[in-house]
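Asks: Sequence first, then the predicted structure, then my questions.
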Amino acid sequence: QVQLVESGGGLVQAGGSLRVSCAPSGRTFSRYTMGWFRQVPGKEREFVAAISWSGGRTYYADSVKGRFTISRDNAKNTVYLQMSSLKPEDTAVYYCAASTQDYLPDGRSEYDYWGQGTQVTVSS
């Protein structure tokens, strides 16, 4: 069974940094476009960032542009989301996702596999 496993979430103060990771089990995802989404209770899951299979192209939501960096290490089969200058409104469950699309999708339906999520809480 294919699974994406997120790790690295936690509690951080506003202005701080945190890195979350995503590692698939059961399959190599080096040829997949990877993305990060986030969700707070009562709201839709929203797009955060995406990266091409080579790592050469990235795409960010306006709300995180300049503060978050998505990257990947295909040798380690791992995708990262480095979050800096964190704000309380960044508090959410962060989900990793994999897509077979060649472009960088920002819609939930364009991703084929999802992780279980990791909680990120930013205190003010």
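Replies: Received the coordinates, thanks. Residues are numbered from 1 along each chain as shown.
Asks: Show me the residue sitting in the middle of this structure in space.
Replies: Trp36 (2.4 Å; C-alpha atoms, centre = their mean).
Asks: Can you say which helix or strand has the closest residue to it other than its chain neighbours in it?
Replies: What sits nearest to Trp36 in space, not counting adjacent residues and going by C-beta to C-beta, 6 or more residues apart in numbering, is Val48, at 4.3 Å. Bear in mind the C-beta positions are built from the backbone N, C-alpha and C, glycine included. If you go by DSSP states H and E, Val48 is part of strand 46-51.
Asks: so what strands line up beside that strand?
Replies: Paired with strand 46-51 in the same sheet, following DSSP bridges, are strand 33-39 (antiparallel), strand 58-60 (antiparallel).
Asks: Deepest-packed of those strands, please.
Replies: The highest average neighbour count among the strands paired with strand 46-51, using mean count of other C-beta atoms under 10 Å, belongs to strand 33-39 at a mean of 24.
Asks: For it, C-alpha coordinates in CSV please.
Replies: Only the C-alpha atoms of strand 33-39 are listed here, as CSV (Å, rounded to 0.1, in the frame of the first residue of the first chain):
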residue,chain,number,x,y,z
THR,A,33,5.1,16.3,-8.8
MET,A,34,4.8,16.8,-5.0
GLY,A,35,2.8,19.4,-3.2
TRP,A,36,1.9,20.6,0.3
PHE,A,37,-1.5,21.6,1.4
ARG,A,38,-2.9,22.8,4.8
GLN,A,39,-6.2,22.7,6.5
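Asks: how far does it sit from the chain's center?
Replies: 4 Å (C-alpha atoms, centre = their mean, to the nearest Å).
Asks: Could you give the average pLDDT over that strand?
Replies: For strand 33-39, mean pLDDT is 97.
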